[in-house]
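**Q** Let me see the structure of the following:
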Amino acid sequence: MAPPLAAPDRPWTESDLRAFPHDDHRYEVIDGALHVSAPLDGDHQRLVDGVIADLRTAVLPGWHAISRIGLHSGASYLTPDITVLRPGTAPGATWADPADVALVVEVECPSSRRFDRYVKPGLYAEAGIESYWRIERTSNGPVAHLYNRAAAGHYELHRSVNPGQCVTAELPYAVQVAPATWTAYHTTA
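**A** Down below sits the predicted model:
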């Protein structure tokens, strides 16, 4: 069992995150408060692998589709499942500036569903990120909800793509969105 966690007498910061163990939990700071997600399952990773494979297949020169890079905005330090970086951004960084990010993707799991639906979209939109995709896991297969940032600064649902459908998303670049194909991908060790 892990030793008990001692909370600081101040808001949590990025340096606190560096002190956490590199285990299967996801540690994030949202407005200075710590949020810990349970370890992710194999289905989650297969969906992440499938989405990132499609994004990389269609990627334009200079763009980067990567997983698990941190995103720093104000007093929040988030780790999207997938981030698409604009040209001119170094993909090897630990943290990305929101101005360098064109798309973030979150794959829902039981421990992150409310954050992926209600908390993170507001933070991403507030940070100025143009597009947000939320992948919902349903009994019929994954459903992709594609959001674009409105002029008012919040996300509006552009479309939902159900299993069996295949559509072209325009942002951040033209990419085929076919949720039924994503579960076929497997993680490589």
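
**Q** From what I see, E14 and T79 are in contact.
**A** No. The pair E14 and T79 does not pass the contact test of CB atoms under 8 Å, sitting 11.3 Å apart. To be clear about C-beta, it is placed using only N, CA and C from the backbone, and glycine gets the same treatment.

**Q** which SSE is V84 in?
**A** If you go by DSSP states H and E, V84 is part of strand 82-85.

**Q** Can you give me the buried ones in that strand?
**A** By neighbour count, with 16 or more other CB atoms under 10 Å as the criterion, the buried positions of strand 82-85 are I82, T83, V84, L85.

**Q** Could you list the paired strands of that strand along with their orientation?
**A** According to DSSP bridges, the neighbouring strands of strand 82-85, each with its direction, are strand 64-67 (antiparallel), strand 101-107 (antiparallel).

**Q** tell me the mean pLDDT for that strand?
**A** In this model, strand 82-85 carries a mean pLDDT of 95.

**Q** How about stretch 181-189?
**A** Mean pLDDT, stretch 181-189: 59.

**Q** heads up, I number from 18, so please use that
**A** With the count now opening at 18, the last piece we talked about shows up as stretch 198-206.

**Q** what does stretch 53-69 contact?
**A** Applying CB atoms under 8 Å, 6 or more residues apart in numbering, the set of residues contacting stretch 53-69 from outside is 40-45, 82-84, 98-99, 122, 124, 126-129, 132, 150, 152, 154, 159, 198-204.

**Q** Fine by me, thanks again.
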